[in-house]
Structures are given as C-alpha cells and as structure tokens.
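Novice: Dropping a prediction and its sequence here:
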Amino acid sequence: MRIGYYQFSPEFGRVEENTEKLADTLRSAKADLIVAPELATSGYLFTSVEELFGYAEPVPGPSTEKLTDAARESGCAMVFGMPELSGDTVYNSAVFVTPDGVEYVYRKIHLFNTEKLYFARGDRRLKVVDYKNARVGLLVCFDHMFPEAARTLALKGAEVICHPSNLVLPKLGQLTTRVRAVENKVYWILANRYGTERKKDKELTYTGKSQIISPDGAILASAEESRDELKIVEINPASARSKKIAFYNDLFKDRRTDIYEI
Ligand code: ACM
C-alpha cells in the first residue's frame with residue numbers, strides 16, 4: 001500500500017483555493033492514501049465564532065464533493081482537516097474521502113487552547129475504518145498528547161494512524177508521534193502544516209516537519225520545516241498486526257489492566 005503526507009500552508013479563509021490545492025495534489029498522487037493537515041480548507045487562527053461559521057461546511061458539502069471527484073479521478077483516498085458544520089455546531093474534523101465518497105468523519109476530541117472557544121468537542125467513540133488492505137484510524141493534532149487516544153485505536157485494530165495537524169509547539173509532535181507509533185506498533189502519518197498566520201495581536205507559526213513512522217519507530221519519510229511537500233512511501237499494513245517485541249513480550253497481551261486504575 002502506498003501512503004503519504006501532503007504538507008502545505010493553507011491560506012486563511014481561502015476555502016476554494018485551499019481545496020483546489022488539495023484536489024490537484026490528489027489528482028497527481030500515485031498512491032492509495034494521502035493525509036493533509038488539520039483545517040486544511042480554512043486555515044487555523046480563528047478569532048471569533050462568526051468568523052469560523054463563515055468558513056465551516058457540512059459534510060458532504062462543496063469541499064468534500066470536490067475532493068471525492070479528485071479521488072475518483074486518481075483512485076487515491078485522502079484524509080484532511082476541515083471545520084465541519086453540523087446544525088448550529090462546528091467541529092474540528094478530519095474527513096476520509098475515497099473514490100466512493102466520504103468514508104468516515106472524525107471529530108477532534110481534545111481541543112487545543114483557544115479552539116475551546118470556537119469548536120465543539122467531538123463526542124463520538126473512536127473508530128477504525130477498513131480501507132483496501134489496511135485498518136485505518138484518525139486523530140487530529142493535539143490528540144497526540146493523550147496516549148489513550150492512539151492506544152484505543154490500536155486496541156481496536158488500527159494499523160495506520162492518519163494525523164492531520166497544525167502543530168505549534170516545536171519538536172513535540174514529531175517526538176510524541178514517533179513514540180505513539182512504537183508503543184502501539186502502528187504506522188503513523190503526521191501531516192503538519194507550515195507558515196505563519198497573523199491576526200491583529202495574535203500570531204501562530206506552524207512547525208512543518210511532517211513524517212511517516214513505521215511500527216518499529218523508523219522514520220520512513222520526513223519533511224522540511226517550511227515548504228510544500230508530497231511524500232509517498234510503500235508500506236505493508238500487515239506488519240503492524242503483531243505486537244510482539246521480545247520472545248516473551250507482547251505489547252497488548254502484557255498490559256496490566258488488573259493493576260491500572262484508569
Ligand atoms: C493543535 O491541536 N492544533 C495544536
């Protein structure tokens with residue numbers, strides 16, 4: 001299976017242009033699955049709920065339709081972030097589009113900092129999606145700081161974690177995602193954005209350095225700090241199935257759920 005990340009710098013509020021960029025990437029990708037950043041259609045630095053509502057869209061909606069068409073043209077699927085409008089609520093969501101349409105929508109469960117002012121917290125259980133010969137789980141950015149999230153997906157059978165991100169704390173996400181891959185023996189696709197967004201007295205710089213990690217912690221691909229990059233690698237999802245790490249050790253079977261009080 002050929003998987004990859006698309007690192008770029010979405011332009012704030014330019015939903016059509018950002019989505020077109022995602023669609024162009026999808027059309028040109030010779031891959032099975034590409035992961036793009038968090039809030040890739042809209043940009044990140046919202047300063048009011050009204051502003052967020054201006055760029056949020058339902059799913060299915062114009063952006064997911066455009067990307068489904070692109071997926072159909074290329075035969076490649078994409079996981080990307082967008083503000084998802086559902087009734088009068090907006091979620092920070094990751095959408096999995098395939099040539100057959102929207103396969104799954106994950107609503108970020110751990111909101112970071114001021115996201116709590118604008119987005120609703122995802123309240124659906126974590127789910128693993130079967131796609132081609134892989135079992136795929138989705139998380140969004142700050143979820144990486146909660147090992148329970150990745151562990152839950154891995155225990156449910158995830159072999160590949162797709163992780164659209166807008167990381168701002170230098171080096172942290174690259175470190176934790178490598179650890180999450182090793183401690184769960186899964187592939188991990190961190191698709192981060194780069195660039196700086198400015199609004200009045202607010203400024204955020206995103207850290208780039210997207211990466212793909214193997215179940216044994218090898219860095220299969222890694223991006224630079226601040227440039228567009230589409231990187232694709234060949235993986236064998238079945239190699240994430242065994243959790244054995246020593247003759248007498250299995251990462252999942254050795255868990256002491258009789259002792260942990262969580
Ligand atoms: C983040 O969750 N966007 C840091």
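Specialist: Looks like it arrived, so ask away. Small disclaimer: the values here were computed from a predicted structure and weren't measured.

Novice: Strands along the stretch 51-200 of the chain, start to end?
Specialist: 77-86, 89-98, 101-107, 128-131, 134-138, 160-165, 187-192, 194-199 (DSSP state E, counting those that start in this stretch).

Novice: so can I have a markdown table of those strands showing mean neighbour count?
Specialist: Bear in mind the C-beta positions are built from the backbone N, C-alpha and C, glycine included. Putting the strands of the stretch 51-200 of the chain into a markdown table (neighbours: other CB atoms under 10 Å) gives the following:
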| stretch | mean neighbour count |
| --- | --- |
| strand 77-86 | 26 |
| strand 89-98 | 24 |
| strand 101-107 | 19 |
| strand 128-131 | 18 |
| strand 134-138 | 25 |
| strand 160-165 | 30 |
| strand 187-192 | 29 |
| strand 194-199 | 16 |
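
Novice: Out of those, the one nearest A181 is which?
Specialist: Across the strands of the stretch 51-200 of the chain, A181 has its closest neighbour in strand 187-192 (4.0 Å, CB to CB).

Novice: What is that closest one packed up against?
Specialist: Helices and strands touching strand 187-192, by 3 or more CB pairs under 8 Å, 6 or more residues apart in numbering; DSSP states H and E, are strand 2-7, strand 160-165, helix 172-184, strand 211-213.

Novice: Kindly compare burial across these and name the winner.
Specialist: With neighbours defined as mean count of other CB atoms under 10 Å, those peak in mean count at strand 160-165, which reaches a mean of 30.

Novice: Strand partners (parallel or antiparallel) of it?
Specialist: strand 134-138 (parallel), strand 187-192 (parallel) (DSSP bridges).

Novice: now those in a markdown table, with mean pLDDT and distance to the ligand?
Specialist: Listed next are the strands paired with strand 160-165 as a markdown table, based on pLDDT from 0 to 100; distance: least, CB to the nearest ligand atom, whole Å:
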| stretch | mean pLDDT | distance to the ligand |
| --- | --- | --- |
| strand 134-138 | 98 | 14 |
| strand 187-192 | 98 | 9 |
